[in-house]
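In: The amino acid sequence is not available; the structure is as follows:
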């Protein structure tokens, strides 16, 4: 800043001198002047001298100032170098400290991450092992289910073979009927009988019902015959057109009607059986199809007094029949039951009188026992006193009480 000020001042002075010189050197106007030429020359010399001095002073000042500037620049450079070195050293130390802290943090973070990864891997292995164990168990269950399916497929094939043959299909229906009867009646004898012969024929073709349930008089018994029109039923599901299905449905209905007619003719015998008979269809699907699609069959069965049943409806009918039998037997024995109840009532009255007498005697005995207990306690007390004192005369007579004899008079009072 000082150098710049000096330079500007010097330049300003030089500019002033040059202006004066220019003014003096300019050609004068054609006017009269009284200025002396010698004075002008002297003035010019002084100006030149002053100009040279100023020029020298300026050069000298510039040189001095440049030296000072150079020295100051060197000093500033040294100071700046020192500051820069200290700054670099401080920055390096700070960076080293921060890098060390960052390294420690990174190591801690990495160790924590490794621990979490190990834990997760351990949990993952554990979960994987558990999952594999569950998968093995499920595979075993699937294998068992596969074996069951294979067995079931064999059973289905066997069932299909059973249902395709007329004789085996009939045996299946009889088995179903036997299971229903046993579930309702159990092992009770006289409630039902299987393969009951209604009529014997000389040529050996006896009329035999699959089962009969014995009823109270005058109904005697109700016959049950098992019919399984499975072949006609299965044919309806092998066709695609509605016309063929309608035709086969009609054929199926006619086949069921034939069974109903046969049951009516064989198993409803006046004076020997009930006026109705039961047709047991050992398949609920066939039974439902008849009620849903063959209303004429239901009307025909009602007309012929044949009741259509299935494994789900026959137990209710049999339970109702059993309840009717129980009510009838109970009505037969009502008088006997009442007579036995009256005898039981008299026996209970006699028991009540005997119990009252026994209670009175027991109460008297209890009172006598209490008095005897009191007497025994007093006697024991006196014996203890005698053992404790050798002078028998010290025992006062007033402590003794007269002996009371306990007897009962005719009215049961004490004397």
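Out: That came in fine, so what should we check first? Just so you know, these numbers come straight off a predicted model, no measurement behind them.
In: Could you chop this protein up by domain?
Out: 1-14+43-63, 109-164, 169-332 (automatic domain parsing).
In: Among those, which comes closest to residue 69?
Out: domain 1-14+43-63 (6.3 Å; Cβ to Cβ). Yep, even glycine has a C-beta here, placed from its N, CA and C like the rest.
In: just to revisit the earlier point, pick the most deeply packed of the domains of the chain.
Out: Comparing the domains of the chain by mean neighbour count (mean count of other Cβ atoms under 10 Å), domain 169-332 ranks first with a mean of 16.
In: among the domains of the chain, which is nearest residue 359?
Out: domain 169-332 (38.5 Å).
In: I'd like the mean pLDDT over the closest one, please.
Out: If you average the pLDDT over domain 169-332, you get 83.
In: Distance from that domain to the middle of the chain?
Out: 46 Å (Cα atoms, centre = their mean, to the nearest Å).
In: which outside residues touch the one helix or strand residue 223 maps to?
Out: Assigned by DSSP states H and E, residue 223 falls within strand 221-226. Strand 221-226 is contacted by residues 170, 173-174, 176-177, 196, 198, 209-215, 263, 266-268, 272-274, 276-282, 309, 314, 321 when judged by Cβ atoms under 8 Å, 6 or more residues apart in numbering.
In: Distance to residue 70 added to the domains of the chain, as TSV?
Out: Listed next are the domains of the chain as TSV, based on distance: least, Cβ to Cβ, whole Å:
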stretch	distance to residue 70
domain 1-14+43-63	10
domain 109-164	55
domain 169-332	118
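In: Which among those is found nearest to residue 78?
Out: domain 1-14+43-63 (20.6 Å).
In: Assign a three-state SS to residue 266, would you?
Out: The three-state label given to residue 266 by DSSP: H, G, I helix; E, B strand; the rest coil is helix.
In: Just confirm it contacts residue 201, I think it does.
Out: No - contact between residue 266 and residue 201 fails when scored by Cβ atoms under 8 Å: they sit 11.7 Å apart.
In: any shared contact partners between the two?
Out: The contact lists of residue 266 and residue 201 share residue 207, where a contact means Cβ under 8 Å, 6+ apart.
In: Out of the domains of the chain, the one nearest residue 87 is which?
Out: Here domain 1-14+43-63 is closest among these (Cβ to Cβ), at 26.8 Å.
In: mean confidence score for that closest one?
Out: In this model, domain 1-14+43-63 has a mean pLDDT of 67.
In: Counting by contacts, list what the helix or strand hosting residue 95 packs against.
Out: Using DSSP H and E, residue 95 maps to helix 37-164. Helices and strands touching helix 37-164, by 3 or more Cβ pairs under 8 Å, 6 or more residues apart in numbering; DSSP states H and E, are helix 2-25, helix 166-185, helix 230-235.
In: who does residue 212 bridge with?
Out: For residue 212, the beta-bridge partners under DSSP bridges are residue 193, residue 223.
In: about what we covered before: what's the angle between the strand holding residue 223 and helix 166-185?
Out: 140 degrees (axes from the mean of the first three to the mean of the last three Cα atoms, to 10 degrees).
In: quick one, what contacts the residue positioned nearest the centre of the chain?
Out: For the chain, residue 134 is the residue whose C-alpha lies nearest the centre (Cα atoms, centre = their mean; 18.5 Å). By Cβ under 8 Å, 6+ apart, no residues touch residue 134.
In: For residue 140, see how far away it is.
Out: 11 Å (Cβ to Cβ, to the nearest Å).
In: Strands of the stretch 251-400 of the chain, start to end?
Out: 277-280, 306-309 (DSSP state E, counting those that start in this stretch).
In: Could you export those as a markdown table, including distance to residue 333?
Out: Below are the strands of the stretch 251-400 of the chain laid out as a markdown table (distance: least, Cβ to Cβ, whole Å):
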| stretch | distance to residue 333 |
| --- | --- |
| strand 277-280 | 29 |
| strand 306-309 | 30 |
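In: So which of the ones you listed is nearest residue 52?
Out: Of the strands of the stretch 251-400 of the chain, nearest to residue 52 by Cβ to Cβ is strand 306-309, at 153.4 Å.
In: any idea how far the helix holding residue 95 is from the chain center?
Out: On Cα atoms, centre = their mean, the centre of helix 37-164 falls 51 Å from that of its chain.
In: Let me know the angle separating it from helix 166-185.
Out: 100 degrees.
In: Use 48 as the first number for this chain going forward.
Out: Fine by me, first position is 48 from now on; the one you just mentioned is helix 84-211.
In: if we can go back for a sec, of the domains of the chain, which is nearest residue 413?
Out: domain 216-379 (47.6 Å).
In: Give the residue spans of the stretch 48-197 of the chain that score low on pLDDT.
Out: 48-83, 197 (pLDDT under 70).
In: go again using 50 as the cut-off
Out: 74-81 (pLDDT under 50).
In: which residues does residue 333 contact?
Out: 275-277, 280, 357.
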